[in-house]
Structures are given as structure tokens and as C-alpha cells.
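S.K.: the amino acid sequence is not available; the structure is as follows:
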């Protein structure tokens with residue numbers, strides 16, 4: 001058993017993936033723009049992911065842009081048979097590193113082709129439609145046109161499965177009326193728990209929930225309670241934060257990102273960490289789930 005396999009597995013569409021995966025966003029330069037400061041270190045991190053047993057890789061061609069996918073191809077192509085690569089479309093990058101909505105049919109199809117070309121693939125395993133009604137978080141808006149485009153790209157054989165990112169529960173319901181949705185990728189962690197009801201609803205339907213910023217984002221989670229539990233179980237606070245997510249619901253798939261081999265190994269070590277009921281109760285009190 002590899003280290004990543006200790007977290008258990010979950011079905012992501014037709015794929016059986018280890019619940020502890022890797023998000024490649026941090027491999028690009030500052031603000032997820034331009035090349036990394038140390039390309040060889042980025043390559044080393046990617047090679048180490050598969051050595052540790054990670055078989056769920058999250059990326060997008062708007063990371064860089066293009067940079068992260070090109071690094072993945074250089075480091076890992078030809079890909080292992082069990083490696084599932086999930087990407088995102090729906091945004092593009094401005095010359096000032098801004099994040100700009102790119103929802104039109106032409107933009108979505110172009111983005112899928114960009115991902116295919118830069119990753120060296122003929123078809124994408126999973127493509128998430130990244131909603132951009134509000135860059136900072138989910139916001140309501142009609143997604144019928146963009147989802148219809150995604151379904152057409154699926155029919156063309158460019159995309160095997162479709163997911164959503166930065167979506168509300170209502171948008172998830174609307175999308176599922178147009179095409180099967182295999183995963184939802186939203187922000188969720190110890191301190192940011194607005195999606196509790198959505199996670200549980202998706203779990204009942206066998207749909208994966210993939211929390212981005214599982215460690216708090218660009219500013220790491222900080223909490224005296226988190227530090228106390230970490231000291232008790234002789235782990236780092238970030239390992240405890242990941243373990244809490246793994247125990248929150250079986251349909252949660254983690255994609256913590258890092259540009260450091262050392263931090264990557266520390267994250268994967270969280271796969272074997274088991275928190276007691278008392279530990280979970282203490283951590284739950286940091287930011288209780290909102291009442292529905």
C-alpha cells in the first residue's frame with residue numbers, strides 16, 4: 001500500500017482514486033502567473049506525487065497560463081494508466097495576472113483544446129466548469145448556456161466527465177438537469193464551512209466533493225484549537241486540517257497544493273492520521289456549520 005492509499009479511495013466517475021490527491025496551482029509563478037522560480041523543483045514535486053501513490057491530479061491551463069500543464073506533461077508524460085487528471089475551464093488570465101470570465105462557447109471549447117494540447121492528451125478525464133459570477137466565491141447566475149456547451153464537448157469526445165467549480169447548490173441542480181456531474185469543487189476547510197449541506201447531499205448521490213484551499217488558501221489556517229490537537233496527536237496543524245476533512249465525509253477528495261517536496265510528503269502523511277471523536281468535536285467548534 002502506498003502512502004496516499006492510506007486515505008482510502010472513492011469513485012470519481014468511472015475512476016477509483018485515492019482520496020488524497022494533489023493540486024498543481026502552486027507550481028506556477030507568484031499569483032499563479034508566469035513560470036516557477038525553480039522549474040526543477042516543480043518537476044521534482046510532480047514526480048514525487050506519483051511515487052507517493054497519488055493518482056488524482058488537479059490543474060488548469062489558466063494556471064500560468066499554460067505553465068502548469070506544460071510542467072505536468074514534461075514531468076509525467078507518458079502518464080500512468082491509473083493517473084486521473086482533472087482540469088478547469090471558464091476563466092482566462094489578463095496581462096496583469098487578473099482572472100477574467102471566459103464563458104462563451106468558443107472560449108470554453110478553445111480552453112479544452114488548450115488543456116489537451118499542453119497536457120498531451122486526446123481526451124480529458126474530467127473538466128470542471130469554473131463559474132465566475134463572483135471570483136471570490138459562489139454566486140447565483142444562469143449556467144444553462146455554458147453547461148450546454150460542456151455537454152456538447154462531451155458528446156464530441158473531448159471530455160469524458162463534467163464537474164463544477166465555485167458553484168452554488170442551485171447551480172449544481174441546474175447543471176445536473178443538462179448533464180451528469182461527477183464532482184463539485186468549492187472552497188471548504190476548517191474555517192470556511194458554508195457547503196456542509198451540499199457535501200452531504202452530494203454524498204447521498206455518490207458525487208465527489210473536492211475542497212480547494214483545504215489548508216486555508218494563500219494564508220494558512222491558524223487556530224489555537226488546531227494547534228492543540230496537532231500537539232496532542234504529534235502532527236502538524238496542516239496534517240490535522242487534512243485529516244479532519246478526510247473524516248468529514250467519505251466523498252471528500254483532497255487536492256492540497258505545494259511547490260515543496262517536503263511539504264508534499266507531510267501532506268501525504270496525513271492520509272494515515274486518525275482523529276478521535278474528542279479531537280473532531282474540538283475542531284468542529286472552530287467554525288460550526290451554518291444551519292440550513
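M.R.: It's in. Note that this is a predicted model, so its numbers are computed, not measured. Numbers count the residues shown, from 1 in each chain.

S.K.: would you map the helices across the stretch 51-200 of the chain?
M.R.: Assigned by DSSP state H, counting those that start in this stretch, the stretch 51-200 of the chain shows helices spanning 67-76, 105-119, 144-155, 169-176, 196-204.

S.K.: quick check: which of those helices is buried the most?
M.R.: Mean neighbours per residue, mean count of other CB atoms under 10 Å, is largest over the helices of the stretch 51-200 of the chain for helix 67-76, with a mean of 21. C-beta coordinates here come from the backbone N, C-alpha and C atoms, glycine included.

S.K.: run through who's touching it.
M.R.: Around helix 67-76, the neighbours that count as contacts under CB atoms under 8 Å, 6 or more residues apart in numbering are 24-25, 27-29, 34-36, 39, 42-43, 46-47, 50, 57, 59-61, 63-64, 83, 85, 87, 114-115, 118-120.

S.K.: go again with 6 Å.
M.R.: 24, 27-28, 35, 42-43, 46-47, 59, 61, 118-120 (CB atoms under 6 Å, 6 or more residues apart in numbering).

S.K.: about what we covered before: out of the helices of the stretch 51-200 of the chain, which gets nearest to residue 261?
M.R.: Residue 261 lies closest to helix 67-76 among the helices of the stretch 51-200 of the chain, at 12.4 Å (CB to CB).

S.K.: what angle separates that closest one from helix 105-119?
M.R.: Interaxial angle, helix 67-76 versus helix 105-119 (axes from the mean of the first three to the mean of the last three CA atoms, to 10 degrees): 30 degrees.

S.K.: what pLDDT, on average, does helix 67-76 get?
M.R.: Helix 67-76 carries an average pLDDT of 98.

S.K.: how far off centre is it?
M.R.: 17 Å (CA atoms, centre = their mean, to the nearest Å).

S.K.: before we move on, what about stretch 65-78?
M.R.: With CA atoms, centre = their mean as the basis, stretch 65-78 stands 17 Å off its chain's centre.

S.K.: before we move on, what about stretch 77-90?
M.R.: On CA atoms, centre = their mean, the centre of stretch 77-90 falls 12 Å from the chain's centre.

S.K.: equivalent analysis for stretch 58-71, please.
M.R.: Offset of stretch 58-71 from its chain centre (CA atoms, centre = their mean): 14 Å.

S.K.: kindly reformat the helices of the stretch 51-200 of the chain as JSON lines containing distance to residue 14.
M.R.: Formatted as JSON lines, the helices of the stretch 51-200 of the chain follow (distance: least, CB to CB, whole Å):
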{"stretch": "helix 67-76", "distance to residue 14": "20"}
{"stretch": "helix 105-119", "distance to residue 14": "19"}
{"stretch": "helix 144-155", "distance to residue 14": "13"}
{"stretch": "helix 169-176", "distance to residue 14": "17"}
{"stretch": "helix 196-204", "distance to residue 14": "17"}
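
S.K.: among the ones you listed, which comes closest to residue 290?
M.R.: helix 196-204 (7.2 Å).

S.K.: quick check: angle from that closest one to helix 169-176?
M.R.: Interaxial angle of helix 196-204 relative to helix 169-176 (the same axes, to 10 degrees): 30 degrees.

S.K.: for helix 196-204, name the packing helices and strands.
M.R.: Taking 3 or more CB pairs under 6 Å, 6 or more residues apart in numbering; DSSP states H and E as contact, there are no helices or strands that helix 196-204 lies on.

S.K.: now residue 8. Nearest residue, chain neighbours left out?
M.R.: Excluding the flanking residues, the one nearest residue 8 by CB to CB, 6 or more residues apart in numbering is residue 19, at 5.2 Å.

S.K.: check contacts around that neighbour.
M.R.: 7, 8, 10, 253.

S.K.: what's the distance between the nearest residue to residue 179 once chain neighbours are set aside and residue 129?
M.R.: In space, and not counting its chain neighbours, residue 179 is closest to residue 151: 4.2 Å by CB to CB, 6+ apart. Using CB to CB, to the nearest Å, we find residue 151 at a distance of 10 Å from residue 129.

S.K.: the closest residue in space to residue 59 that isn't next to it in sequence: how many residues sit nearby?
M.R.: The shortest distance from residue 59 to any residue other than its chain neighbours is 4.4 Å, reached at residue 24 (CB to CB, 6+ apart). By other CB atoms under 10 Å, 27 other residues sit near residue 24.

S.K.: isn't residue 24 right up against residue 61?
M.R.: No: Residue 24 lies out of contact with residue 61 (CB atoms under 6 Å); the separation is 11.0 Å.
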